[in-house]
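structure for this input, please:
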Amino acid sequence: MSTEPKPTPEAPESGPRPARLTAAAALAALEGLALLAGGAYMLVMGLVGEPDNPQQAITGGGTLVVLALVPLLAARGLLRRRSWSRGPAIITQILALPVAWQLLQADSVAIPGGIALAAVAIAALVLLVNPATTEALGIRGPGNVPDDVK
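You can find the predicted model right below:
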(Lines give C-alpha, C1' and ligand atoms only; values in the text may rest on other atoms or scores of the structure.)
Protein backbone atom coordinates (compact mmCIF):
# COMPACT_ATOMS: atom_id res chain seq x y z
CA MET A 1 0.00 0.00 0.00
CA SER A 2 1.42 3.40 -1.01
CA THR A 3 1.66 6.27 1.45
CA GLU A 4 1.72 8.93 -1.29
CA PRO A 5 -1.35 11.18 -1.34
CA LYS A 6 -3.45 10.70 -4.45
CA PRO A 7 -4.67 13.83 -6.21
CA THR A 8 -8.43 14.20 -6.34
CA PRO A 9 -10.58 16.62 -8.31
CA GLU A 10 -10.97 18.70 -5.12
CA ALA A 11 -7.23 18.73 -4.39
CA PRO A 12 -5.07 19.13 -7.51
CA GLU A 13 -1.46 18.03 -7.44
CA SER A 14 0.70 19.74 -4.87
CA GLY A 15 3.37 22.25 -5.65
CA PRO A 16 3.81 25.95 -5.26
CA ARG A 17 0.63 27.97 -5.50
CA PRO A 18 0.77 30.38 -8.46
CA ALA A 19 1.10 34.01 -7.45
CA ARG A 20 -1.94 34.84 -9.58
CA LEU A 21 -4.08 32.45 -7.56
CA THR A 22 -2.84 33.94 -4.29
CA ALA A 23 -3.52 37.47 -5.58
CA ALA A 24 -7.05 36.51 -6.69
CA ALA A 25 -7.71 35.02 -3.25
CA ALA A 26 -6.39 38.18 -1.58
CA LEU A 27 -8.66 40.41 -3.68
CA ALA A 28 -11.70 38.24 -2.95
CA ALA A 29 -10.85 38.32 0.77
CA LEU A 30 -10.44 42.10 0.61
CA GLU A 31 -13.92 42.45 -0.88
CA GLY A 32 -15.36 40.10 1.71
CA LEU A 33 -13.77 42.03 4.55
CA ALA A 34 -15.05 45.31 3.13
CA LEU A 35 -18.59 43.89 2.95
CA LEU A 36 -18.25 42.57 6.49
CA ALA A 37 -17.04 45.93 7.80
CA GLY A 38 -19.83 47.80 5.98
CA GLY A 39 -22.45 45.38 7.28
CA ALA A 40 -21.16 45.58 10.83
CA TYR A 41 -21.17 49.38 10.66
CA MET A 42 -24.76 49.42 9.39
CA LEU A 43 -25.84 46.97 12.11
CA VAL A 44 -24.21 49.00 14.88
CA MET A 45 -25.63 52.27 13.57
CA GLY A 46 -29.05 50.65 13.22
CA LEU A 47 -28.96 49.44 16.82
CA VAL A 48 -27.29 52.31 18.69
CA GLY A 49 -27.31 55.19 16.22
CA GLU A 50 -30.21 57.28 15.06
CA PRO A 51 -30.92 56.19 11.48
CA ASP A 52 -33.99 57.35 9.59
CA ASN A 53 -35.27 53.78 9.56
CA PRO A 54 -33.65 51.44 12.13
CA GLN A 55 -35.31 48.32 10.71
CA GLN A 56 -33.95 49.08 7.24
CA ALA A 57 -30.43 49.71 8.63
CA ILE A 58 -30.45 46.43 10.57
CA THR A 59 -31.78 44.47 7.59
CA GLY A 60 -29.23 46.04 5.23
CA GLY A 61 -26.39 45.42 7.65
CA GLY A 62 -27.39 41.81 8.18
CA THR A 63 -27.63 41.28 4.44
CA LEU A 64 -24.12 42.67 3.90
CA VAL A 65 -22.72 40.46 6.65
CA VAL A 66 -24.27 37.37 5.06
CA LEU A 67 -23.14 38.41 1.57
CA ALA A 68 -19.59 38.84 2.89
CA LEU A 69 -19.44 35.09 3.43
CA VAL A 70 -19.45 34.38 -0.33
CA PRO A 71 -16.15 36.11 -1.23
CA LEU A 72 -14.56 35.07 2.08
CA LEU A 73 -15.37 31.39 1.49
CA ALA A 74 -14.27 31.71 -2.13
CA ALA A 75 -10.95 33.22 -1.02
CA ARG A 76 -10.40 30.36 1.41
CA GLY A 77 -11.21 27.85 -1.32
CA LEU A 78 -8.84 29.55 -3.75
CA LEU A 79 -6.03 29.42 -1.21
CA ARG A 80 -6.73 25.72 -0.65
CA ARG A 81 -6.89 25.13 -4.43
CA ARG A 82 -10.51 24.00 -4.50
CA SER A 83 -11.94 24.11 -8.01
CA TRP A 84 -15.45 25.01 -6.79
CA SER A 85 -14.18 28.32 -5.39
CA ARG A 86 -13.56 29.95 -8.76
CA GLY A 87 -17.30 30.17 -9.58
CA PRO A 88 -18.35 32.15 -6.49
CA ALA A 89 -15.26 34.35 -6.84
CA ILE A 90 -16.10 35.18 -10.46
CA ILE A 91 -19.76 35.81 -9.65
CA THR A 92 -18.70 38.18 -6.85
CA GLN A 93 -16.56 40.17 -9.28
CA ILE A 94 -19.31 40.33 -11.90
CA LEU A 95 -21.78 41.58 -9.28
CA ALA A 96 -19.26 44.17 -8.07
CA LEU A 97 -19.07 45.86 -11.48
CA PRO A 98 -22.64 47.31 -11.49
CA VAL A 99 -22.12 48.47 -7.90
CA ALA A 100 -18.91 50.23 -8.99
CA TRP A 101 -20.78 51.79 -11.92
CA GLN A 102 -23.46 53.17 -9.58
CA LEU A 103 -20.78 54.59 -7.29
CA LEU A 104 -19.14 56.26 -10.29
CA GLN A 105 -22.47 57.90 -11.22
CA ALA A 106 -22.76 59.59 -7.81
CA ASP A 107 -21.79 63.22 -7.36
CA SER A 108 -20.03 62.66 -4.07
CA VAL A 109 -17.09 61.10 -2.31
CA ALA A 110 -18.37 57.70 -3.52
CA ILE A 111 -16.57 58.16 -6.86
CA PRO A 112 -13.14 57.10 -5.55
CA GLY A 113 -14.81 54.06 -3.98
CA GLY A 114 -16.32 53.19 -7.35
CA ILE A 115 -12.93 53.50 -9.03
CA ALA A 116 -11.30 51.28 -6.42
CA LEU A 117 -14.08 48.68 -6.58
CA ALA A 118 -13.98 48.57 -10.39
CA ALA A 119 -10.19 48.19 -10.37
CA VAL A 120 -10.31 45.36 -7.82
CA ALA A 121 -13.15 43.55 -9.64
CA ILE A 122 -11.47 43.77 -13.05
CA ALA A 123 -8.09 42.72 -11.67
CA ALA A 124 -9.64 39.78 -9.85
CA LEU A 125 -11.54 38.68 -12.97
CA VAL A 126 -8.35 38.77 -15.03
CA LEU A 127 -6.54 36.73 -12.39
CA LEU A 128 -9.37 34.20 -12.05
CA VAL A 129 -9.62 33.43 -15.78
CA ASN A 130 -5.84 33.22 -16.22
CA PRO A 131 -4.70 29.81 -17.51
CA ALA A 132 -2.23 29.40 -14.63
CA THR A 133 -5.08 29.85 -12.16
CA THR A 134 -7.39 27.40 -13.87
CA GLU A 135 -4.60 24.83 -14.13
CA ALA A 136 -3.69 25.24 -10.45
CA LEU A 137 -7.34 24.67 -9.55
CA GLY A 138 -7.53 21.55 -11.71
CA ILE A 139 -10.14 23.03 -14.05
CA ARG A 140 -10.08 21.58 -17.55
CA GLY A 141 -11.12 23.56 -20.58
CA PRO A 142 -13.69 22.40 -23.12
CA GLY A 143 -12.59 19.31 -25.00
CA ASN A 144 -9.97 18.34 -22.42
CA VAL A 145 -11.68 15.17 -21.26
CA PRO A 146 -9.45 12.49 -19.72
CA ASP A 147 -8.85 9.43 -21.93
CA ASP A 148 -10.55 7.05 -19.50
CA VAL A 149 -13.88 8.93 -19.83
CA LYS A 150 -14.09 8.79 -23.65
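
just give me the neighbour total for residue 100.
Neighbour count for residue 100, taken as other C-beta atoms under 10 Å: 20. No exception for glycine: its C-beta is placed from N, CA and C like everyone else's.

try residue 93
Using other C-beta under 10 Å, residue 93 has 26 other residues around it.

so it is in contact with residue 125, correct?
Yes - the criterion here is C-beta atoms under 8 Å, and residue 93 meets it with residue 125 at 4.7 Å.

ranges for the helices of this protein?
19-48, 54-79, 86-105, 110-128, 131-136 (DSSP state H).

could I get the ones you listed as JSON lines with mean pLDDT and distance to residue 142?
Shown next, in JSON lines, are the helices of the chain (pLDDT from 0 to 100; distance: least, C-beta to C-beta, whole Å):
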{"stretch": "helix 19-48", "mean pLDDT": "95", "distance to residue 142": "21"}
{"stretch": "helix 54-79", "mean pLDDT": "95", "distance to residue 142": "22"}
{"stretch": "helix 86-105", "mean pLDDT": "95", "distance to residue 142": "15"}
{"stretch": "helix 110-128", "mean pLDDT": "95", "distance to residue 142": "17"}
{"stretch": "helix 131-136", "mean pLDDT": "90", "distance to residue 142": "12"}
